[in-house]
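**Student:** Below: sequence and its predicted model.
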Amino acid sequence: MKILFIIHGIHNQILEMARKKKQALSAKLGCTVDSCIYGEEKELEHLNLAVLGGKIYILPSDSSGTEVIARSLHELMKETKSTAAVVADGEQSGELAVGLARLLEVPCAVAVTKLWMDGESVFCQKMVYNNMVCADYRLPLNFVISERFAVGNLANKQPEPSKIIELEPCGPSDYFLNSITLGERKERKASPILIAAGMG
């Protein structure tokens, strides 16, 4: 199994928490965990990326929507042969996880609080029924989740040496219009529909 840990890089405190979560993921699942940090270029240039350790992909994105980011991550996962993705806790993490899972055609779970391996199976735990009950789910080896792991009791190990790789983002989908040309109407015809608005 090879996991891609996806982080919205806003500031260095997020990377410090992400490092602990990444180390815990690698230890619990016994697999390789690469990182991918996405965000606006002005956010990414001030980050201390080496704190994460290991292979780090940088995905500059000027899009506030998750669709373009999900497509870029989909391409990256195909290229790196990653089998699963964990989207770090954040503002759009659930939406991004669902979009990526749809493109990969794999199961998705959002707001996962715990992830572990038991034999050959991967299990996750999340809160259900209005956060009243913890439920455990068995996942296939190919999955996408968004996490809400607690970091208070995670070991604080030194990161492995970093290898930083910058990526080119995918362009917008075909259904996004980049340029709209409006033409001048040459003739004025009477419309067969009358629209009236008023009060009373």
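**Tutor:** Received, thanks.
**Student:** where does this protein dip in pLDDT?
**Tutor:** 63-64, 152-160, 171-186, 188-191, 194, 200 (pLDDT under 70).
**Student:** what are the ranges of the helices in it?
**Tutor:** 12-29, 41-44, 66-80, 93-104 (DSSP state H).
**Student:** Give me the buried positions along the last one.
**Tutor:** With burial defined by 16 or more other C-beta atoms under 10 Å, the residues of helix 93-104 counted as buried are 93-101, 103-104. Using the backbone N, CA and C atoms, a C-beta is placed for each residue, glycine as well.
**Student:** Same question for the longest one.
**Tutor:** By neighbour count, with 16+ other C-beta under 10 Å as the criterion, the buried positions of helix 12-29 are 14-15, 18-26, 29.
**Student:** Just the endpoints, please. Distance across stretch 111-129?
**Tutor:** Chord length of stretch 111-129, first to last residue, is 13 Å (C-alpha to C-alpha, to the nearest Å).
**Student:** actually stretch 22-41, sorry about that
**Tutor:** Distance across stretch 22-41, first residue to last, is 23 Å (C-alpha to C-alpha).
**Student:** Work out the gap between that stretch and the centre of the chain.
**Tutor:** In terms of C-alpha atoms, centre = their mean, to the nearest Å, the gap separating the centre of stretch 22-41 from the centre of its chain is 12 Å.
**Student:** now the helices of the chain as JSON lines including distance to I145?
**Tutor:** Conversion of these to JSON lines gives the following (distance: least, C-beta to C-beta, whole Å):
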{"stretch": "helix 12-29", "distance to I145": "11"}
{"stretch": "helix 41-44", "distance to I145": "24"}
{"stretch": "helix 66-80", "distance to I145": "14"}
{"stretch": "helix 93-104", "distance to I145": "6"}
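**Student:** returning to what we had before: which one of the buried residues of helix 12-29 is nearest I193?
**Tutor:** I14 (53.7 Å; C-beta to C-beta).
**Student:** Just confirm S82 contacts F5, I think it does.
**Tutor:** No - assessed by C-beta atoms under 8 Å, S82 is found out of contact with F5, at 9.7 Å.
**Student:** For these two, work out which one has more neighbours and name it.
**Tutor:** Neighbour comparison, S82 and F5: the larger count goes to F5, with 25 against 21 (by other C-beta atoms under 10 Å).
**Student:** What pairs with the strand ranked longest in the chain, parallel or antiparallel?
**Tutor:** When the chain is parsed with DSSP state E, its longest strand is strand 108-118. If you go by DSSP bridges, strand 108-118 pairs up with strand 121-128 (antiparallel), strand 143-147 (parallel).
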